[in-house]
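In: Sequence and predicted model, in that order:
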Amino acid sequence: MVKSSAYRTMSPLCSSRQEVRQCACAGSRPAAAVLSFIVLNALRDFVDGRRRSGEERRGTERERMPPKKRRDADDDGDGRSGDKRRRKSVSSSSPEGSDAGEEPSTVAATAAVSSGSDDPVAAASSLAVIEGDKESGELLIAGGTNWDLTGRKQVPKGGKNNGRNLWSPHRLSTLKDVVVRSVISGPMSCHSAVITVEGKVYSWGRNDTGQLGHGDTVRRDIPTLIDSLTDFNIVKAACGKGHTLFLTDRGVIYSVGCNASGQLGIGNQSPIPVTSPSKLLYKGPPIKLATCGADFSAIVDVRGNLYTFGNPEYGQLGHNSDGKYFVSNSKLAFDCKVRPQRVMVFIDKTKEGQVTPILDVEVEEVACGQNHMVALDTKGRVFTWGFGGYGRLGHSDTKDELVPRLLKFFDGPNRGVRKIAAGSTFTMAISKLEALYLWGQNKNAGEAAMYPKPVHDLSGWKIRSLGCCHKSVVVAADNSVVSWGSHPTYGELGYGDGKAKSSTVPQEVKPLDGIYVSAVGCGWGHVLYIARNSSDEDKAKIEALPEYQP
């Protein structure tokens, strides 16, 4: 179509609304297009004017400089301009950086600015040092070691039916001379990992999805060093049902195992196991801790931001959605998150359903059950979300929560919390006044606790480590280890051969009398302990324990 001469000669900057209407009517384009054209031209002229003004100002400032300073400003003394040198420095670094909009910690950002870096997030990652646990000792183990049978009615095809229940704590022959600082498993895990004082990782147990990180799916009964991680200083780890996360001292996560729901956070989901550790697909401030649910994961950065990924089925990712959608009229699927996504909203909700956002949340700890989560912030407040069955969220009902909801029970003066933990269907917390609380259900029958209830048998005990198995609980408190759990158990209570196999009330683990246990780590039906061995007396008591040879 031929355009009219009036349109062809129209000025891009009409001086009045009447001229704009005339130009629009004369031509073949609508008035909205003409207005857009005018605005774009005006913006271009404005930007060009600002650019020319800035160049003229910098030129004037340069002319006022003495000759030597003028050369220094242009060259930086090595034949390259300062801007080019800084850009090259940034591109050659490998930031474990941030998603858009994220900021590094204040200290790291200050250091980045003082060093002349244009990328403070990259500098924050390079400066970050995430510390591991301070106390160390010898590894002890109790509970089921038939890894392919634990939690199942029968051994699956291709599995091994060997291993026995250890009804009392044992030394592990292959690691009795190795000093460990962290013991890791999970309430849905039939595999374990330990971290030595040198930052090396050993793993063993069930391996049907490659969760041990040895490049295969072969079960390991003997703790085996993960060779692919020996170049890193591993400080923390987390175990899910079929996957594992490893955290380095630089705040970087490596994940391995089942990725059917994207729980490895590597940018995809696949039924094919990932058998060697892969770097998490994440750009943000350095990560300070990680945790795993059955088929989802969570991480927390040094600024207290929480990120989740994996299966969103009950809202456990905290993104205000359960991710459900229909592939067809009869087939339901879930929109799994295959890379870390920040949890943006924390709320307080009344019984009437009135919602108020909470904006000042800095996450300190986080724990995962089978399909629920609990978080503790720096102010001692507790948030829970995900599957609400059996009251495991503590809100006095069984409703699912799709975003982190404040647990009002612990909100108020002298009601804060210092530590949290989660079993498969229950949650626990230690208050700042040293009271231990449990809610949900940690037994196979009976009434569930719909809100936090104190464990009166441990009133007055100073708890230093708290662990949750699938249904059992183990705590290290004062100079003792205390445990309880309902039938069936696999020996994780540690009461000893010929003693009670289950208990509905807390009891001391007598075989560990006189042995100082600094930390416990609980799996589905087994418990790992770190026993202090710094003195000859400590060593003598540990050596008196039975020894397990896989």
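Out: All right, it came through fine. Numbering: from 1, shown residues only.

In: Please make it C-alpha for all contacts and neighbour counts, starting now.
Out: OK.

In: Low-confidence ranges, this structure, go.
Out: Along the chain, segments meeting pLDDT under 70 span 1-127.

In: mind listing the helices for it?
Out: 5-8, 17-26, 31-64, 67-75, 82-92, 106-114, 120-127, 536-543 (DSSP state H).

In: gap between the two ends of stretch 489-507?
Out: One end of stretch 489-507 to the other measures 15 Å (C-alpha to C-alpha, to the nearest Å).

In: and that stretch, how far out from the chain's middle?
Out: Its chain's C-alpha centre and that of stretch 489-507 lie 32 Å apart, by C-alpha atoms, centre = their mean, to the nearest Å.

In: what's the answer for stretch 315-330, then?
Out: Distance of stretch 315-330 from its chain centroid, counting by C-alpha atoms, centre = their mean, is 21 Å.

In: For it, buried residues please.
Out: G315, Q316, L317, G318, H319, N320, S321, D322, G323 (16 or more other C-alpha atoms under 10 Å).

In: who's in contact with that stretch?
Out: Identification of contacts with stretch 315-330 by C-alpha atoms under 8 Å, 6 or more residues apart in numbering yields 296, 308-314, 332-336, 343-345, 371-373, 385-387, 400-404.

In: which of those count as buried?
Out: Buried among the contacts of stretch 315-330 (16+ other C-alpha under 10 Å): 296, 308-314, 334-336, 343, 371-373, 385-387, 400-404.

In: Please look at M428 and Y437 and confirm they touch.
Out: Yes. The criterion here is C-alpha atoms under 8 Å, and M428 meets it with Y437 at 5.5 Å.

In: overlap in contacts of the two?
Out: By C-alpha under 8 Å, 6+ apart, the residues touching both M428 and Y437 are P452.

In: Show me which of those two is the more surrounded one.
Out: More neighbours surround M428 than the other of M428 and Y437, with 27 against 19 (other C-alpha atoms under 10 Å).

In: With adjacent residues omitted, what lies nearest to the most centrally placed residue in the chain?
Out: Centrality entry for the chain: nearest residue to the mean C-alpha point is I299, 1.8 Å, by C-alpha atoms, centre = their mean. Once flanking residues are discounted, I299 sits nearest to A290: 4.3 Å by C-alpha to C-alpha, 6 or more residues apart in numbering.

In: OK, contacts around the one you found?
Out: Contacts of A290 by C-alpha under 8 Å, 6+ apart are K236, A237, A238, L245, L247, S297, A298, I299, V300, V366.

In: and the first one, how many neighbours?
Out: Read that as K236. 29.

In: looking at it, it is touching S182, isn't it?
Out: Yes. In this structure, K236 is within contact of S182 by C-alpha under 8 Å, at 7.3 Å.

In: what sits in contact with each of the two?
Out: By the contact definition C-alpha under 8 Å, 6+ apart, K236 and S182 are jointly contacted by G132, I195.

In: residues touching I542, list them.
Out: The neighbours of I542, taking C-alpha under 8 Å, 6+ apart as the test, are R171, I515, A531, N533.

In: do you know how far W167 is from Y451?
Out: 32 Å.

In: Can you report how many residues neighbour G353?
Out: That count, for G353 with other C-alpha under 10 Å as the rule, works out to 8.

In: gap between it and P277?
Out: For G353, the distance to P277 - C-alpha to C-alpha - is 43 Å.

In: if I pick R405, what's in contact with it?
Out: Taking C-alpha under 8 Å, 6+ apart, one finds F346, I347, D348, K349, F383, T384, W385 in contact with R405.

In: Just the contacts of I542: which are in strands?
Out: Judged by DSSP state E, the contacts of I542 include R171, A531 as members of strands.

In: Counting neighbours, what do you get for S396?
Out: Neighbours of S396 under the rule other C-alpha under 10 Å: 17.

In: Let me fix that, I meant to ask about A193.
Out: Look at A193: counted by other C-alpha under 10 Å, it has 26 neighbours.

In: That one contacts S185, doesn't it?
Out: Yes. With contact defined as C-alpha under 8 Å, A193 counts as touching S185 (6.6 Å).

In: which residues touch I299?
Out: I287, K288, L289, A290, T291, L306, Y307, T308, P340.

In: wait, I meant D536
Out: By C-alpha under 8 Å, 6+ apart, D536 lies in contact with nothing.

In: again with R219
Out: R219 sits in contact with W204, G205, R206, N207, D208, where contact means C-alpha under 8 Å, 6+ apart.

In: can you check L306 too?
Out: So L306 contacts A298, I299, V300, R342, V343, V363 (C-alpha under 8 Å, 6+ apart).

In: Go again with 7 Å.
Out: By C-alpha atoms under 7 Å, 6 or more residues apart in numbering, the residues touching L306 are I299, V300, R342, V343, V363.
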